[in-house]
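Visitor: turn this into a model:
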Amino acid sequence: MLFDTTQLALQRAIEGAAMRQTALANNLANANTPGYQRVDVDFHSALGRALGSGTGARSALERTGFSTQTDGTGAVRADGSTVDPDAEAAKLAANALEHQAAVQVAATRNAILNIAMGAR
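Guide: This next block holds a predicted model:
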């Protein structure tokens, strides 16, 4: 098989991080919207469950979906919003680094595969 479980996991991590980046950016954009409830995408847990499923990890990864969920753990501000702009900006930056790292690892694995196949 051309793409192994690791490559599939990297692809899914990139997808999850991209989806989370959109959710975090929306939170930051709506930080001053009265009553806005912050959302997040917990793709780490979904990937962890899929990878922890043993020999069926590949098919579990293929079936794994990510969704945006309301995060009710934040403090509610006077205007009813649950977004802390400083915390959200930090999460956005950390997620961007994680996305970039996954992209770089996937690209390196692809380059190694191309070299092994004799492509330049």
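Visitor: quick one, longest helix in this structure?
Guide: Determined from DSSP state H, the single longest helix within the chain is helix 85-116.
Visitor: show me what contacts the residue nearest in space to the middle of the chain?
Guide: Among the residues of the chain, the one closest to the centroid is A17, at 2.2 Å (Cα atoms, centre = their mean). Shown in contact with A17 (Cβ atoms under 8 Å, 6 or more residues apart in numbering): 43, 95, 98-99, 102. C-beta coordinates here come from the backbone N, C-alpha and C atoms, glycine included.
Visitor: what packs against whatever helix or strand A57 lives in?
Guide: Per DSSP states H and E: A57 is located in helix 57-63. With contacts taken as 3 or more Cβ pairs under 8 Å, 6 or more residues apart in numbering; DSSP states H and E, helix 57-63 sits against helix 5-29, helix 43-51.
Visitor: any weak-confidence spans in this structure?
Guide: Applying pLDDT under 70 to the chain picks out residues 1-3, 120.
Visitor: and the gap between the spatially most distant residue from the centre of it and A107?
Guide: Distance from the C-alpha centroid of the chain, by Cα atoms, centre = their mean, peaks at G118 (32.8 Å). Distance, G118 to A107, by Cβ to Cβ, to the nearest Å: 19 Å.
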